[in-house]
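Trainee: Sequence and predicted structure below; questions after.
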Amino acid sequence: MQQRTLGGITVSALGLGGMPMSIEGRPDEDRSIRTIHAAIDAGITLIDTADAYHRDADEVGHNEVLIAKALATYGADSSSVLVATKGGHLRPGDGSWTLNGRPDYLKEAAKASLKRLGGDAIDLYQYHRPDPEVAYEDSIGALRDLLDEGVIRMAGISNATVDQIRQANEILGGRLVSVQNQFSPAFRSSEDELRYCGENGIAFLPWSPLGGIKKAGGLGEHFTPFQEIADRHGVSPQQVCLAWELALSPTVLPIPGASRPESVQDSARASDLELSADEIGTLSGTK
């Protein structure tokens with residue numbers, strides 16, 4: 001498994017996104033825990049979650065609780081696993097999403113996430129999505145305070161523009177370690193943010209790196225170059241996609257979601273897939 005650096009900490013180059021294990025259509029708890037265990041067995045040491053990864057209104061933090069249980073029941077040492085969670089994006093329980101970037105709320109949410117995850121501090125806490133009703137500097141100021149208070153070890157942001165990345169890093173005193181934006185073959189509008197993070201040594205964590213829960217399975221059908229190169233290597237187009245993203249920058253850490261052990265095992269093998277410069281160019285649309 002390739003490795004990358006996240007805030008000075010060495011982690012696997014590929015992470016595991018926990019959302020599919022907690023929202024609509026989720027599997028039973030046993031399969032979810034086996035999926036998390038399979039990820040660790042495959043060498044994955046970064047797990048991404050959020051307090052909003054849940055289905056019903058009365059189960060905020062469902063995915064955080066699930067991950068904590070999976071780590072506690074893993075049959076070997078799991079201390080090297082870094083858990084990243086997020087706050088500021090909420091699900092009322094009717095399938096919709098709302099925002100709350102108020103500093104007092106973010107601080108309360110972070111402390112609630114810490115209680116669910118356990119431990120002395122949250123490894124990485126990320127502001128989930130900007131709230132247009134709250135000044136961005138005020139929301140990021142809450143992350144700065146959480147860092148200073150020791151509630152979180154590292155701070156990141158999600159769904160951010162280049163200007164917001166620059167602003168957040170300034171407010172945090174140069175302590176911004178990650179940016180989590182949507183990026184995939186179907187969604188490339190975050191290329192500027194990916195490039196900026198690479199130039200400034202900030203980890204870029206593509207969410208839905210395979211195109212999302214509903215589209216990941218058909219990636220090779222909708223983007224035929226990925227299927228053609230996959231056939232050439234004898235692997236899945238999903239592996240090719242993740243290997244391509246890893247090749248774009250040494251600060252990229254894709255976090256594909258999974259709800260089956262087989263899926264996460266397939267994704268993990270992308271770390272060892274070497275693509276040629278011509279293949280990378282073809283997939284990037286430059287050749």
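Mentor: Looks like it came in fine. These numbers were taken from a predicted model, which means no experiment stands behind them. Numbering: from 1, shown residues only.

Trainee: For stretch 11-25, measure first residue to last.
Mentor: Using C-alpha to C-alpha, to the nearest Å, the span of stretch 11-25 from its first residue to its last is 30 Å.

Trainee: Stretch 15-26 now?
Mentor: 19 Å.

Trainee: quick one: pLDDT of residue 287?
Mentor: In this model, residue 287 is scored at 44, pLDDT.

Trainee: For residue 41, list the residues it contacts.
Mentor: Residue 41 makes no contacts at all, as judged by C-beta atoms under 8 Å, 6 or more residues apart in numbering. All C-beta atoms are positioned from the backbone trio N, CA, C, and that covers glycine.

Trainee: any idea how far residue 74 is from it?
Mentor: In this view, residue 41 and residue 74 are 9 Å apart by C-beta to C-beta, to the nearest Å.

Trainee: Residues contacting stretch 15-35, please?
Mentor: 36, 39, 44, 46-50, 53-55, 62-63, 66-67, 69-70, 73, 84, 95, 205, 207, 213, 253-261, 263-264.

Trainee: From residue 42, how far out is the residue lying closest to residue 6 once chain neighbours are set aside?
Mentor: Of all residues not flanking residue 6 in the chain, residue 203 sits nearest, at 4.9 Å (C-beta to C-beta, 6 or more residues apart in numbering). In this view, residue 203 and residue 42 are 20 Å apart by C-beta to C-beta.

Trainee: which one of those two has more residues nearby?
Mentor: residue 203 (27 against 19; other C-beta atoms under 10 Å).

Trainee: that older thread, and the contacts of stretch 15-35, which of them are buried?
Mentor: The neighbour-count test (16 or more other C-beta atoms under 10 Å) marks 36, 39, 44, 46-50, 53-54, 62-63, 66-67, 70, 84, 205, 207, 213, 253-261, 263-264 as buried among the contacts of stretch 15-35.

Trainee: Pull out the buried positions in stretch 73-80.
Mentor: residue 78.

Trainee: average pLDDT for that stretch?
Mentor: pLDDT averaged over stretch 73-80 gives 95.

Trainee: Mind listing residues that contact that stretch?
Mentor: 33, 36, 37, 40, 45, 71.

Trainee: rerun at 10 Å
Mentor: With contact meaning C-beta atoms under 10 Å, 6 or more residues apart in numbering, stretch 73-80 is reached by 9-12, 33, 36-37, 40-41, 43, 45-47, 70-72, 81.

Trainee: Before I go, just wanted to say thanks for your time.
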